[in-house]
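Student: Okay, predicted coordinates and the sequence, questions at the end:
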Amino acid sequence: MSDRERLAGYVETWWEAIGDLTALLDSLSAEEWALPTDLPGWDVKAVASHTAHLESILAGAPEETAEIGEPAHVTSLMGAYTEIGVVNRRDRSPQAVVAEIRDASSRRRDALLADPPTDGSAKPTTIFGGVGWDWSTLLRNRPLDVWMHEQDIRRAVGRPGGLESRAAQHTADYLTEGFGYVVGKRVAPPAGTTAVLAVAGSEVVAVAIDETGRARRLPEEPAGADVRLTMDRETFVLAAGGRRVPAPGAVTVTGDAELGERILARLATTP
């Protein structure tokens, strides 16, 4: 597959995620917009406002400024940046926020279709917050971000769904790629340790720790791995996405139970 085809696939996955998100937002009552989410300090409207902010910047709107104060949930420079979008939309109606998401994403999709990126390693002209991503990272990240926020809202309002969409598959597969980093860097078991991640609907990931302490991906699952973690898609994305720890019994740990618990405790790779 060429870079152009791969990047175009990311764009279409993101576009489908935008459609799913805005359809969900259209269905919410005024009371549901004020419900808290799993993201500290953010209600449903804040999550939607954050999405509107980033999509608008990517569509060419100027960078925004705002006095955000010192909210307890803001603990990083990127957190402070994303809070700007939330603060600036507090006085806007939910309908205006949804309209902004639709307008900005439509304009951005039109631009991407008219002049599609062809080199994933090249740098986009416009990106948010000074992030130094290339085209591949930016376009691959957007469907993940949008879908994760759709799920944040679904949990907040008690409307499960969307776990079998194209963006759901994309996100789960993307997040499984962080398993080697979690095992090798965060858990750091002895050389020779083998670990397996089996998420329903995604390719099984198996890694082995080499003599340098790095987790090397194996071409296939080894027999008798030191530990194997098996879970469904929702359990995995909640843990890897830093939203919730797995519920008791949601993960089957085969092999070294203590090692399995250490891996689960460090599974989050995205805030």
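Tutor: Looks like it arrived, so ask away.

Student: how about the helices of the stretch 151-271 of the chain, start to end?
Tutor: 166-176, 179-181, 233-240, 257-265 (DSSP state H, counting those that start in this stretch).

Student: Kindly reformat those helices as JSON lines containing mean pLDDT and mean neighbour count.
Tutor: All C-beta atoms are positioned from the backbone trio N, CA, C, and that covers glycine. JSON lines is the format used below for the helices of the stretch 151-271 of the chain (pLDDT from 0 to 100; neighbours: other CB atoms under 10 Å):
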{"stretch": "helix 166-176", "mean pLDDT": "98", "mean neighbour count": "21"}
{"stretch": "helix 179-181", "mean pLDDT": "97", "mean neighbour count": "20"}
{"stretch": "helix 233-240", "mean pLDDT": "98", "mean neighbour count": "22"}
{"stretch": "helix 257-265", "mean pLDDT": "97", "mean neighbour count": "16"}
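
Student: With distance to Val74 added, can I get the ones you listed in a markdown table?
Tutor: Below are the helices of the stretch 151-271 of the chain laid out as a markdown table (distance: least, CB to CB, whole Å):
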| stretch | distance to Val74 |
| --- | --- |
| helix 166-176 | 24 |
| helix 179-181 | 25 |
| helix 233-240 | 22 |
| helix 257-265 | 24 |
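
Student: Looking at the ones you listed, which is nearest to Thr137?
Tutor: Across the helices of the stretch 151-271 of the chain, Thr137 has its closest neighbour in helix 166-176 (10.8 Å, CB to CB).

Student: From the contact counts, what lies against the closest one?
Tutor: helix 3-26, helix 135-157, strand 194-199, helix 233-240 (3 or more CB pairs under 8 Å, 6 or more residues apart in numbering; DSSP states H and E).

Student: neighbouring contacts of the last one?
Tutor: Surrounding helix 233-240, the residues in contact under the criterion CB atoms under 8 Å, 6 or more residues apart in numbering are 148, 151, 163, 168, 171-172, 175-176, 178, 199-202, 231, 243-247, 250-251, 264, 267-270.

Student: Can you pull out the low-pLDDT segments for the chain?
Tutor: Across the chain, the ranges flagged by pLDDT under 70 are 271.

Student: How is it partitioned into domains?
Tutor: 3-157, 174-265 (automatic domain parsing).

Student: Show the end-to-end separation of the last one, please.
Tutor: Pointing back at domain 174-265 there. Terminal residues of domain 174-265 are spaced 19 Å apart (CA to CA, to the nearest Å).

Student: what does the longest one give?
Tutor: End-to-end distance for domain 3-157, by CA to CA: 38 Å.

Student: Skip the chain neighbours and tell me the closest residue to Ala61.
Tutor: Leaving aside its sequence neighbours, Ala61 sits nearest to Ala104 (CB to CB, 6 or more residues apart in numbering; 7.1 Å).

Student: Give me the neighbour count for the one you found.
Tutor: Ala104 has 22 neighbours, counted by other CB atoms under 10 Å.

Student: dump the residue contacts of it.
Tutor: Counted by CB under 8 Å, 6+ apart, Ala104 has contacts 52, 55-56, 58-59, 61.

Student: which SSE is it in?
Tutor: Assigned by DSSP states H and E, Ala104 falls within helix 94-114.

Student: Please find the angle between the direction vectors of that helix and helix 3-26.
Tutor: Angle of helix 94-114 versus helix 3-26, following axes from the mean of the first three to the mean of the last three CA atoms, to 10 degrees, is 170 degrees.

Student: For the closest residue in space to Ile101 that isn't next to it in sequence, give its distance to Pro36.
Tutor: Nearest non-adjacent residue to Ile101, counting by CB to CB, 6+ apart: Ala52, 4.9 Å away. From Ala52 across to Pro36, the span is 19 Å (CB to CB, to the nearest Å).

Student: just Ile153 next, same as before
Tutor: The gap separating Ile153 from Pro36 is 11 Å, by CB to CB.

Student: For the two, indicate the residue with more neighbours.
Tutor: A direct count of neighbours by other CB under 10 Å for Ile153 and Pro36 places Ile153 higher, at 24 against 12.
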